[in-house]
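Q: heads up, no residue letters with this:
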């Protein structure tokens, strides 16, 4: 396979499904930009191993995806599967994500000795010191939370905490639960007779704005949230 192309893959029911893609259009498609599959796919073929040219049978496609429609299958692989990045794409995405993570930490955290924010350069050096691994696809807010916990071992950090009361309608609980948990610590939770979920979440004050935005996006604005302490 040409070095100009990469692969997107997904594993379903223990079987591998791959498509050969053009790297930049594939990444744009994965990010939700308006790109047609014809620009993304190098060939309208689903492989079990693209490097070896091994094709998947129609029977296996139907079993895994419920269809043999290449466009629908390719869309599923690109959106839900793993996209192989070029070295340049990975470098660029990691650097951008690093800047986002540092900005979040600098905004949320202060040095308890001075009550002043840590400068971005100090945070960057500290991240390098703890060898913090940055995932180019993972949410920056979530990674910033992980980084803050690890940085405590070498950097004096203080974060103002708030408690937020949250109510999520039943149809969105499955998608919202993990997101809510990623922003803070769930201190209590109850379930309504209508299947709705209520919780009290403790989180850094600086995350409240991004939290409202993410929760609203997932629940289409139907969730309720307010600071209670």
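A: Everything's here; your move. Since the model is a prediction, treat every value here as computed from it, not as a measurement.
Q: please enumerate the helices of the protein.
A: 23-30, 37-40, 58-65, 70-80, 87-108, 120-129, 140-151, 173-183, 208-219 (DSSP state H).
Q: what inclination does the last one have with respect to helix 140-151?
A: Meaning helix 208-219. With axes from the mean of the first three to the mean of the last three C-alpha atoms, to 10 degrees applied, the angle from helix 208-219 to helix 140-151 works out at 130 degrees.
Q: contacts for helix 208-219, please.
A: 141, 162, 164, 166, 168-169, 172, 175-176, 179-180, 183-184, 203, 223, 225, 227 (C-beta atoms under 8 Å, 6 or more residues apart in numbering). Every C-beta, even on glycine, is put in place using the N, C-alpha and C of the backbone.
Q: so which of the helices of the chain gets nearest residue 10?
A: helix 70-80 (4.8 Å; C-beta to C-beta).
Q: in the closest one, what's buried?
A: For helix 70-80, burial by neighbour count (16 or more other C-beta atoms under 10 Å) applies to 70, 73-74, 76-78.
Q: stretch 158-177 now?
A: 159, 162-164, 166-169, 172-173, 176-177.
Q: next one: stretch 200-218
A: 200-201, 203-204, 206-208, 210-211, 214-215, 218.
Q: start and end of it, how far apart?
A: End-to-end distance of stretch 200-218 (C-alpha to C-alpha, to the nearest Å): 18 Å.
Q: chain center to it, what's the gap?
A: Relative to the chain's own centre, stretch 200-218 is displaced by 15 Å; criterion: C-alpha atoms, centre = their mean, to the nearest Å.
Q: what sits against residue 78?
A: Counting by C-beta under 8 Å, 6+ apart, residue 78 has contacts 8, 19, 21, 26, 29-30, 40.
Q: can we see that at 6 Å?
A: 8, 29-30 (C-beta atoms under 6 Å, 6 or more residues apart in numbering).
Q: quick one: these as CSV, columns for pLDDT and neighbour count too.
A: Shown next, in CSV, are the contacts of residue 78 (pLDDT from 0 to 100; neighbours: other C-beta atoms under 10 Å):
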residue, pLDDT, neighbour count
8, 96, 25
29, 95, 24
30, 92, 19
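Q: quick one: which of those is nearest residue 60?
A: residue 8 (17.2 Å).
Q: for the closest one, which non-adjacent residue is spatially closest?
A: residue 83 (4.7 Å; C-beta to C-beta, 6 or more residues apart in numbering).
Q: per-domain residue ranges of the chain.
A: 6-83, 87-158, 160-227 (automatic domain parsing).
Q: okay, now residue 223: neighbour count?
A: Residue 223 has 21 neighbouring residues, counting by other C-beta atoms under 10 Å.
Q: so in the protein, where's the weakest helix or strand by average pLDDT?
A: Lowest mean confidence among the helices and strands of the chain (mean pLDDT, DSSP states H and E): strand 116-117, at a mean of 78.
Q: that strand pairs with which strands?
A: Sheet pairing for strand 116-117, assigned by DSSP bridges, gives strand 109-111 (antiparallel).
Q: let me see the mean pLDDT of the partner strand.
A: When pLDDT is averaged along strand 109-111, the result is 83.
Q: now stretch 142-155
A: 93.
Q: stretch 161-168 too?
A: 92.
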